[in-house]
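Student: predicted model and sequence below, questions to follow.
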Amino acid sequence: MDLKIVIGQRLKIVREKSKLSQYDIAKELNIAQATIAQYERGRTCAPAEILDWYHKRFNVSFDYLFGYVDDIKEILTSEDKTEEMRKLIRQEMDQYFKDKK
């Protein structure tokens, strides 16, 4: 599955578990509600700053946001991460920043 879609699904789960609307999140981030909707639908990849905000605001791991673990509170140790996962993250971030230029 496309990483944008996985991340979007996870952002939506985090928001819904927190009983917040897309509007609430958008207001806190000072961005448009439509932008949150695009992230959640996987049409646009949420930038690193947004993922970091979710990580800090909701105390969720990046492993959860990227779909590497299903338990919202589970954190993988560095020994559990494969080289393939690291490459995938690196590729997705490189592509994001390339598209942004």
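Tutor: Arrived safely, thanks for sending.
Student: from now on I want contacts and neighbour counts done on CA atoms only, so please keep to that.
Tutor: Fine.
Student: what packs against whichever helix or strand residue 4 is part of?
Tutor: Assigned by DSSP states H and E, residue 4 belongs to helix 3-17. Applying 3 or more CA pairs under 8 Å, 6 or more residues apart in numbering; DSSP states H and E, we find helix 3-17 packed against helix 33-41, helix 62-65.
Student: change it to 10 Å
Tutor: Where contact means 3 or more CA pairs under 10 Å, 6 or more residues apart in numbering; DSSP states H and E, helix 3-17 is packed against helix 22-29, helix 33-41, helix 48-58, helix 62-65, helix 83-100.
Student: that helix versus helix 48-58: what angle between them?
Tutor: Counting by axes from the mean of the first three to the mean of the last three CA atoms, to 10 degrees, helix 3-17 lies at 30 degrees to helix 48-58.
Student: from the middle of its chain, how far away would helix 3-17 be?
Tutor: On the basis of CA atoms, centre = their mean, to the nearest Å, helix 3-17 sits 6 Å off its chain's mean C-alpha point.
Student: quick one, that helix and helix 33-41 angle?
Tutor: Put simply, helix 3-17 runs at 110 degrees to helix 33-41, going by the same axes, to 10 degrees.
Student: give me the helix or strand of the chain that scores worst on average pLDDT.
Tutor: Ranked by mean pLDDT, DSSP states H and E, the weakest helix or strand in the chain is helix 83-100, scoring a mean of 72.
Student: coming back round to it: now the helices and strands packed on helix 3-17 in TSV, with distance to residue 9 and mean neighbour count?
Tutor: Supplementary listing: the helices and strands packed on helix 3-17 in TSV, determined by distance: least, CA to CA, whole Å; neighbours: other CA atoms under 10 Å:
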stretch	distance to residue 9	mean neighbour count
helix 22-29	13	14
helix 33-41	6	18
helix 48-58	13	14
helix 62-65	9	21
helix 83-100	16	12
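Student: quick one: closest of those to residue 14.
Tutor: Among the helices and strands packed on helix 3-17, helix 48-58 comes nearest to residue 14, with 7.4 Å by CA to CA.
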